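**Student:** A structural model of the following input is requested.
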Amino acid sequence: MKRIILLILVGFFLIGNSNAGEGLRIMESRVMISRILKQEVHFSVCLPEIYYKTEKSFPVVYLLHGLGDDETSWIEYGRIAQFADKAVEDHEAVPMIFVMPEGFRTYYVNDYLGSFLYQDMFIKELVPYIDSLFRTIRDRNHRALMGYSMGGFGALILHLKYPDLFGTAVPLSISVRTDEQYIKEDAKEWDQQWGRLFGAPGFTGTDRITAYYKQNSPFYLLSGMSAAEKSKLNIYIDNGDKEQTLCRSNEELLILMKKLSVPHEYRVRDGGHSFGYWCSALPNALRFISDGFEANPYRGDLPLRIPQGSVTGKQVSFKNIDNGEVGIYVPAEYERTDRLYPVAYFAGKFTNEQRQSIAETVYNLVGNNEICPMLLVFLPVKSPSGLPSSYSDIEQKIRIRPGFRFQALIGFQQEANDAFSLAVNQKQFGACILSDGFLEKETMAGIIKGLDKEALSRLSLYIDAPDKGNYFEGNGMAHMLMRDDNLIHEYRVREGDGGFGWFLTGLPDMISFAAKRFHR
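**Tutor:** Model prediction:
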């Protein structure tokens with residue numbers, strides 16, 4: 001009897017939900033009967049606001065959820081309807097259909113035993129089924145994938161395996177492992193999560209790196225691609241700097257993609273493994289997907305706000321200290337108070353005009369009550385000896401609040417290495433910021449491995465790197481090693497190739513980081 005009922009349901013595969021929408025825009029937990037899986041598969045749908053007001057067809061985004069979540073998660077926690085509506089209203093994205101399938105615990109692949117062929121179902125049944133139910137544009141250029149965690153893995157792997165079906169992928173916080181991480185994975189975790197999917201349950205060491213695992217590993221798939229195959233890829237990866245194991249695997253993936261010249265965008269922002277982070281990724285993610293749908297080059301991330309203001313001559317002075325000229329900028333209130341101030345030291349080859357722009361940006365934030373008043377000191381750069389060895393003369397010239405926590409050091413480009421070495425060795429700074437640093441991989445590894453971890457525990461580090469820069473390995477290495485040792489730090493990868501203009505757009509976040517450390 002049960003078999004007869006199942007066959008009847010299967011007969012409705014192409015028509016079972018053809019009128020399920022009933023004019024609804026958001027449909028939750030609809031059902032498709034899968035012949036391949038021999039069971040129900042749930043999915044939710046969010047249509048554009050104008051769907052029923054026109055006869056036109058729309059591009060489709062498949063939104064993939066993480067382990068333990070389901071087809072409702074993107075609607076409830078991801079608030080996809082609200083973000084999509086805002087993007088369309090602001091002309092940042094075209095209207096699009098969102099389909100959110102039930103992913104179970106599959107990582108959106110077929111398991112190695114062939115007992116649950118989820119990926120086959122997705123490609124051979126789900127995509128055609130959606131095309132039969134809704135007015136979709138049925139080509140690769142108008143299909144995209146986006147997902148978080150397990151869904152991030154799914155979004156990437158489906159794009160790599162089926163670039164002729166999906167033209168764009170936005171993986172968020174990709175739950176992926178390097179070979180080394182698979183080899184060292186806890187036995188129980190391995191069996192429950194990876195062994196059951198990729199083979200070798202109960203195995204240890206290199207025996208876990210099975211042929212089937214390699215067929216489903218982004219590292220191996222990317223390494224085996226031809227230039228023509230790579231040219232079909234359109235990828236935007238976004239990962240939080242508070243991730244643990246995913247920090248290393250995502251950074252290693254970035255390094256590989258850079259070396260292989262794989263087309264991609266890569267961002268690291270403040271946050272961890274949560275919907276708060278994934279929601280904050282949506283404005284730029286939808287912008288990227290929309291440009292892919294329209295076959296346009298990516299417009300770039302939404303512009304960051306640079307506060308505008310002015311600095312008077314009374315706020316600026318230059319003093320010759322330690323055989324070098326030091327530029328000093330003070331808050332507008334400085335002459336009308338005798339209070340002491342926190343200080344931000346800048347180490348970099350800045351012109352006078354660039355110093356002025358930095359000061360105007362900082363003091364506009366002060367004027368808007370976004371950060372505390374502070375002193376700005378631009379240090380002389382003396383090659384090859386680097387930064388000044390003593391700050392006592394500077395401290396005698398201006399009213400600096402005593403204590404390491406009230407002093408921050410910001411190193412830009414060539415001076416980033418010197419700034420980092422100075423900060424960890426002199427132990428007089430509470431925060432050290434390295435922006436667009438010319439950080440060599442081996443140099444950073446040597447410095448960090450030799451650090452006095454207890455002494456470093458009171459120093460907060462902020463690494464700010466351009467995604468098109470030349471020193472991605474050094475910046476990424478610093479982040480990975482510090483995350484491995486649970487050392488306090490923030491890490492950002494922002495759009496661009498570095499330079500002063502790029503530095504200035506990130507300055508509000510950098511200086512806010514320093515201000516929070518002043519008052520922690």
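**Student:** what's near enough to touch Gly411?
**Tutor:** Counting by Cβ atoms under 8 Å, 6 or more residues apart in numbering, Gly411 makes contact with Ala347, Gly348, Asn417, Asp418, Ala419, Phe420, Cys432, Ile433, Leu434, Ser435, Gly437. C-beta coordinates here come from the backbone N, C-alpha and C atoms, glycine included.
**Student:** Which of the residues you listed sits closest to Val94?
**Tutor:** Closest to Val94 out of the contacts of Gly411 is Ser435 (34.8 Å), distances taken as Cβ to Cβ.
**Student:** Show me where the stretch 201-350 of the chain dips below the pLDDT cut-off.
**Tutor:** For the stretch 201-350 of the chain, applying pLDDT under 70 flags the ranges 321-323.
**Student:** Break down it into its strands, ranges please.
**Tutor:** 235-240, 264-269, 316-321, 324-329, 343-347 (DSSP state E, counting those that start in this stretch).
**Student:** would JSON lines of these with mean neighbour count and distance to Glu473 be doable?
**Tutor:** What follows is the strands of the stretch 201-350 of the chain, written out as JSON lines (neighbours: other Cβ atoms under 10 Å; distance: least, Cβ to Cβ, whole Å):
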{"stretch": "strand 235-240", "mean neighbour count": "25", "distance to Glu473": "16"}
{"stretch": "strand 264-269", "mean neighbour count": "21", "distance to Glu473": "13"}
{"stretch": "strand 316-321", "mean neighbour count": "14", "distance to Glu473": "36"}
{"stretch": "strand 324-329", "mean neighbour count": "18", "distance to Glu473": "32"}
{"stretch": "strand 343-347", "mean neighbour count": "25", "distance to Glu473": "22"}
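**Student:** Any chance of those in TSV with distance to Ile137 as columns?
**Tutor:** Formatted as TSV, the strands of the stretch 201-350 of the chain follow (distance: least, Cβ to Cβ, whole Å):
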stretch	distance to Ile137
strand 235-240	20
strand 264-269	23
strand 316-321	58
strand 324-329	55
strand 343-347	51
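**Student:** looking at these, which is closest to Lys468?
**Tutor:** Nearest to Lys468, of the strands of the stretch 201-350 of the chain and by Cβ to Cβ, is strand 264-269 at 9.2 Å.
**Student:** Okay, angle between the closest one and strand 235-240 too, please.
**Tutor:** Put simply, strand 264-269 runs at 10 degrees to strand 235-240, going by axes from the mean of the first three to the mean of the last three Cα atoms, to 10 degrees.
**Student:** name the helices or strands packed onto strand 264-269?
**Tutor:** With contacts defined as 3 or more Cβ pairs under 8 Å, 6 or more residues apart in numbering; DSSP states H and E, strand 264-269 has these neighbours: strand 235-240, helix 245-259, helix 275-293, strand 489-494.
**Student:** Next, the angle strand 489-494 makes with that strand.
**Tutor:** Here strand 264-269 runs at an angle of 150 degrees relative to strand 489-494 (the same axes, to 10 degrees).
**Student:** Kindly format the C-alpha coordinates of strand 264-269 as CSV.
**Tutor:** Extracted as CSV, the C-alpha positions of strand 264-269 are listed here (Å, rounded to 0.1, in the frame of the first residue of the first chain):
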residue,chain,number,x,y,z
HIS,A,264,37.3,35.8,-7.6
GLU,A,265,36.6,38.4,-4.9
TYR,A,266,37.6,37.7,-1.3
ARG,A,267,36.6,39.6,1.8
VAL,A,268,37.3,39.2,5.5
ARG,A,269,35.2,41.3,7.9
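**Student:** burial count for the residue nearest to Phe503 when sequence neighbours are not counted?
**Tutor:** Distances taken as Cβ to Cβ, 6 or more residues apart in numbering put Ser435 closest to Phe503, at 5.4 Å, once the chain neighbours are dropped. For Ser435, the neighbour count with other Cβ atoms under 10 Å is 27.
**Student:** what phi and what psi does the backbone show at Ser435?
**Tutor:** phi -120, psi 130 (degrees, to the nearest 10).
**Student:** wait, what's in contact with it?
**Tutor:** By Cβ under 8 Å, 6+ apart, the contact set of Ser435 is Ile410, Gly411, Phe412, Gln413, Ala416, Asp464, Phe503, Gly506, Met510.
**Student:** Just say helix, strand or coil for Asn425.
**Tutor:** Recorded secondary structure, Asn425: helix (DSSP: H, G, I helix; E, B strand; the rest coil).
**Student:** Report how many residues lie close to it.
**Tutor:** The tally of other residues near Asn425 (other Cβ under 10 Å) stands at 12.
**Student:** Now do it against Leu156, distance only.
**Tutor:** From Asn425 over to Leu156 the distance is 41 Å, taken as Cβ to Cβ, to the nearest Å.
**Student:** now swap in Lys214 and tell me
**Tutor:** Distance from Lys214 to Leu156, by Cβ to Cβ: 15 Å.
**Student:** try Gly469
**Tutor:** From Gly469 over to Leu156 the distance is 23 Å, taken as Cβ to Cβ.
**Student:** swap in Glu353?
**Tutor:** Using Cβ to Cβ, Glu353 is found at 43 Å from Leu156.
**Student:** So the two - more neighbours on which side?
**Tutor:** Each of Glu353 and Leu156 has its neighbours counted (other Cβ under 10 Å); Leu156 has more, 26 against 9.
**Student:** ok, back up a step: reformat the contacts of Ser435 as a markdown table; add secondary structure.
**Tutor:** Shown next, in a markdown table, are the contacts of Ser435 (three-state DSSP):
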| residue | secondary structure |
| --- | --- |
| Ile410 | strand |
| Gly411 | strand |
| Phe412 | strand |
| Gln413 | helix |
| Ala416 | helix |
| Asp464 | strand |
| Phe503 | helix |
| Gly506 | helix |
| Met510 | helix |
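**Student:** Return the closest of these with respect to Arg79.
**Tutor:** Closest to Arg79, out of all of these and judged by Cβ to Cβ, is Gly506, at 27.0 Å.
**Student:** What's opposite the closest residue to that closest one other than its chain neighbours in the beta bridge?
**Tutor:** Spatial nearest neighbour of Gly506, excluding adjacent residues (Cβ to Cβ, 6+ apart): Asp464 at 5.4 Å. Taking DSSP bridges as the rule, Asp464 bridges to Ser435, Arg492.
**Student:** gap between Asp464 and Ser435?
**Tutor:** Remark: distance between Asp464 and Ser435 (Cβ to Cβ) = 4 Å.
**Student:** Stretch 63-70: which residues count as buried?
**Tutor:** Buried positions in stretch 63-70, judged by neighbour count with 16 or more other Cβ atoms under 10 Å: Leu63, Leu64, His65, Gly66, Asp69, Asp70.
**Student:** What's the end-to-end length of that stretch?
**Tutor:** Start-to-end span of stretch 63-70 (Cα to Cα, to the nearest Å) is 11 Å.
**Student:** Any idea how far it is from the middle of the chain?
**Tutor:** Using Cα atoms, centre = their mean, to the nearest Å, the mean C-alpha position of stretch 63-70 is found 18 Å from that of the whole chain.
**Student:** cool, stretch 93-112 as well?
**Tutor:** 20 Å.
**Student:** Okay, now that stretch: how far is its last residue from its first?
**Tutor:** End to end - Cα to Cα - stretch 93-112 spans 39 Å.
**Student:** Can you list the buried residues in that stretch?
**Tutor:** Buried-residue list, stretch 93-112, by 16+ other Cβ under 10 Å: 93-104, 106-112.
**Student:** That's all I had, so thanks and see you.
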